[in-house]
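Asks: Okay, sequence plus prediction incoming.
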Amino acid sequence: MSSPLPLTATPLTASEFAPFGDVIEPRATPTVMINQGLCARHSDLALLDFADGRAGISLFDAQARHLPHLVEMVERHPLGSQAFIPLGPWRCLVIVAADAGGVPDTPRAFVTEPGRAINLHRGVWHGVLTPLDTAGQFAVVDRIGTGPNLEEHWFERPYLIEALEV
Ligand SMILES: NC(=O)N[C@@H](O)C(=O)O
Ligand code: NI
């Protein structure tokens, strides 16, 4: 395998992640206060998009990954979005890439705040679920249906995330 290319992970922000998906986090102002004013509802935080299928909720019980982390491949789901909702205070590496004529462009790497959920938009190139340093359980909202909904791309030269730029 040829020597990996460097890739730095930066803190995930909604604005930088916007071309790839949604950061599911409280807004400055709740949509509405409910439950006798004891609960702030922040509505409709993610673009869910499923073709020829339906939304489903699955549980991913993912092993911990550690730095340095080798990014050998990304994948995408042409038929549906995919949301990862941590069921505990786990951080994740989120690797995404724009499409460049059917193959991924140079990837971006982010690290989530503990417990922060994300939603990948339909068809966005991304690394697989990567809990950082601690194994984690995640509720995953994605497409349940038949047909080809997984396309993988293995990089000719992998990327290596050696550090978090925090
Ligand atoms: N393959 C699968 O269900 N998981 C991946 O899509 C992933 O993004 O982790
Ligand atoms: Ni995926």
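Replies: Thanks, I have it. Ligands and ions are numbered 1, 2, ... in the order given.

Asks: who touches His69 in this structure?
Replies: His69 sits next to 93, 130, 160-161 when contact means Cβ atoms under 8 Å, 6 or more residues apart in numbering. In this view, the C-beta of every residue, glycine as well, is placed from N, C-alpha and C.

Asks: Can you name the residues bridging to it?
Replies: Ile161 (DSSP bridges).

Asks: next one: His126
Replies: For His126, the beta-bridge partners are Glu75, Val96 (DSSP bridges).

Asks: gap between it and Gly136?
Replies: Distance, His126 to Gly136, using Cβ to Cβ, to the nearest Å: 17 Å.

Asks: same question, Ile161
Replies: 18 Å.

Asks: And for His66?
Replies: 13 Å.

Asks: Same question for Glu162.
Replies: Separation of Glu162 from Gly136 (Cβ to Cβ) stands at 22 Å.

Asks: for Ser81, same thing?
Replies: 20 Å.

Asks: ok, Ala14 - contacts?
Replies: Shown in contact with Ala14 (Cβ under 8 Å, 6+ apart): 22-23, 25.

Asks: of all those residues, which comes closest to ligand 1?
Replies: The closest of these to ligand 1 turns out to be Asp22 (Cβ to the nearest ligand atom; 15.0 Å).

Asks: sec struct for Ser15, please.
Replies: Put simply, Ser15 is helix when judged by DSSP: H, G, I helix; E, B strand; the rest coil.
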